[in-house]
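please work out how this folds:
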Amino acid sequence: MKFVQIVDFQTERLEEMEQLVQEARQRTADRAGGPTHSMLLKDRDNPNRYLALIEFESYEDAMRNSNDPETTRMAEQMSALSIGERTFTNCDLLEMSELK
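Next up is the predicted model:
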């Protein structure tokens, strides 16, 4: 079953965070079991709040990715760029549809 992690965070340094993510993608592009899709949402009512949705083939893939030292390093760097604590919501993907 596909798995999606939702990361809720606030930052005034989004460009720096996006650069970290891009660099990590380049370093891990050939690694199996990483994220398959991602989506970044900006809260229209709170300009410093964002939601990152990260999809994996399975919960097990997500946990292996989470335990990877490269992921840990990136998470620590992103935490330093965040305002306050990030929250994580772990979801099993039950349905996904293309509507148009």
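
give the buried residues for the helix or strand of the chain with the lowest mean pLDDT.
Every helix and strand of the chain was ranked by mean pLDDT, DSSP states H and E. The lowest is helix 14-27, at a mean of 88. Neighbour counts over helix 14-27 (16 or more other C-beta atoms under 10 Å) mark Met17, Leu20, Ala24 as buried. In this view, the C-beta of every residue, glycine as well, is placed from N, C-alpha and C.

the last one against Met74, yeah?
This points to Ala24. Yes: with contacts counted by C-beta atoms under 8 Å, Ala24 reaches Met74, the gap being 4.8 Å.

can you give me the helices for this structure?
14-27, 59-67, 69-81 (DSSP state H).

between these, which one is nearest to Asn90?
Taking C-beta to C-beta, helix 59-67 is the member of those nearest to Asn90, at 7.6 Å.

what angle separates the closest one from helix 69-81?
For helix 59-67 against helix 69-81, the angle by axes from the mean of the first three to the mean of the last three C-alpha atoms, to 10 degrees is 70 degrees.

what does helix 59-67 rub up against?
Residues from elsewhere that reach helix 59-67 (C-beta atoms under 8 Å, 6 or more residues apart in numbering): Met1, Phe3, Gln5, Gly33, Gly34, Pro35, Ile54, Phe56, Thr71, Asn90, Asp92.
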